[in-house]
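[1] My questions are about this predicted structure, shown below with the sequence.
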Amino acid sequence: MANRDIRIILAGPRGKMGTAARDLIAHTAHFQLVAYLDSKTTDETGFTDEERPVYTDAARCFSEVETDVFLDLTTPEAAKINLETALDHHVRPVIGTTGFTDEEIARLRDKTEEKGLGTMIVPNFAIGAVLMMKFSQMAARYFDDVEIIERHHDNKLDAPSGTALKTADLISEERVAKNQGHPNEAETLDGARGGQVDGMPIHSVRLPGLVAHQEVIFGGSGQTLTIRHDSIDRGSFMPGVKLAVETVMSVKTLVYGLEQIVE
Ligand SMILES: NC(=O)C1=CN([C@@H]2O[C@H](COP(=O)(O)OP(=O)(O)OC[C@H]3O[C@@H](n4cnc5c(N)ncnc54)[C@H](OP(=O)(O)O)[C@@H]3O)[C@@H](O)[C@H]2O)C=CC1
Ligand SMILES: O=C(O)C1=N[C@H](C(=O)O)C[C@H](O)C1
């Protein structure tokens, strides 16, 4: 396999991530883009590529085009359908799209193993974000009190971000579940204390001008520790996309998060 190109079908080619991924694939010698999956026809969007077909039907796309990997950078709703359709057609999915619940991931893990293929679901492809999550998990051994503040551009569909949920999951592996704050604390404005994962609050900020940012703030007696990551350009995600596409070729399980493979 190492001696031939990895063939890729890309979903979401007109999007912000899809545009960056097309550039990555074009500049990676052993990657070959074979087709696109889009939400609308070429007539509706004007998006064309003389060399590759654009499909709007996932099942038809996977039936007609031979491929190794399916790379999804779309919307939570679309990605869930596309991922299952890819597995049903024996194609390895790499999913950058966020918005999957723990229950969905557990079910997809079973389906991946049943099919004997690899699947990568990667809430954040940026190496800095992966390190932020790992460092946060390490800090959680020493601090029980933690809040996550994630900030994104205002076109984002899901809240909280996939990265915030993944960070909370990793922290929960180290931290005993605890309802933080004062026991008699009351919200006079719904949502003021954010959403909760195992009693740990997550706050989502959406503003134009932002790209993708997260702070994990730990508090202890007389001290706080802040671990922060900023993606200021979508180029930050592309080395991780490349790594995920390469890795999915050799795994036979569902890998949830790049921290599983970045040592
Ligand atoms: N894992 C990571 O590191 C990162 C993940 N993301 C995630 O990636 C996803 C895409 O983000 P971004 O590029 O910013 O979003 P955009 O809105 O810029 O792009 C999404 C694209 O997907 C298209 N689309 C919608 N439905 C379908 C469908 N059924 N089939 C094919 N294409 C479809 C949209 O087309 P139209 O709007 O015309 O319907 C649009 O062109 C999001 O879930 C985001 O959270 C983002 C950055 C990093
Ligand atoms: O929608 C985005 O932009 C991003 N989504 C991912 C997430 O939900 O964590 C990754 C990154 O934060 C950018």
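    Structure received. Numbers count the residues shown, from 1 in each chain. Ligands and ions are numbered 1, 2, ... in the order given.
[2] where's the closest residue to ligand 1 within the chain relative to residue 135, distance?
    The nearest approach of the chain to ligand 1 comes at residue 15, 2.1 Å away (CB to the nearest ligand atom). Just so you know, the C-beta spots here come from the backbone N, C-alpha and C atoms, and that holds for glycine as well. According to CB to CB, to the nearest Å, residue 15 and residue 135 sit 30 Å apart.
[3] can you map out the helices along the stretch 51-200 of the chain?
    Ranges of helices within the stretch 51-200 of the chain are 58-64, 76-88, 102-115, 127-139, 162-172, based on DSSP state H, counting those that start in this stretch.
[4] Out of the ones you listed, the one nearest ligand 2 is which?
    helix 162-172 (3.3 Å).
[5] can the closest one be found next to ligand 2?
    Yes. Judged by CB under 6 Å from any ligand atom, helix 162-172 and ligand 2 are in contact via 162, 163.
[6] 520 is where my numbering starts, stick with that
    Taking 520 as the first residue, the last one we looked at is helix 681-691.
[7] circling back to that earlier point, let me know which of the helices of the stretch 570-719 of the chain is tucked in deepest.
    Comparing the helices of the stretch 570-719 of the chain on average neighbours per residue, with mean count of other CB atoms under 10 Å, the densest one is helix 681-691 at a mean of 23.
[8] mind listing what the residue nearest to residue 535 when sequence neighbours are not counted touches?
    Counting by CB to CB, 6 or more residues apart in numbering, residue 753 is the residue found nearest to residue 535 once chain neighbours are left out, at 5.8 Å. Taking CB atoms under 8 Å, 6 or more residues apart in numbering, we find residue 753 in contact with 535, 536, 539, 730.
[9] per-residue confidence at the second one?
    If I follow you right, that is residue 536. Looking at residue 536, its pLDDT reads 98.
[10] Could you report the neighbour count for it?
    If you count neighbours by other CB atoms under 10 Å, residue 536 ends up with 21.
[11] In what element of secondary structure is it found?
    Residue 536 belongs to helix 535-545 when assigned by DSSP states H and E.
[12] The next helix or strand after that helix vs helix 535-545, what angle?
    Per DSSP H and E, the first helix or strand lying C-terminal to helix 535-545 is strand 550-556. Compare the direction of strand 550-556 with that of helix 535-545 by axes from the mean of the first three to the mean of the last three CA atoms, to 10 degrees and you get 140 degrees.
[13] picking up where we left off before, spatially nearest residue to the residue of the chain closest to ligand 1 (excluding sequence neighbours)?
    The shortest distance from residue 534 to any non-neighbouring residue, by CB to CB, 6+ apart, is to residue 592 (5.9 Å).
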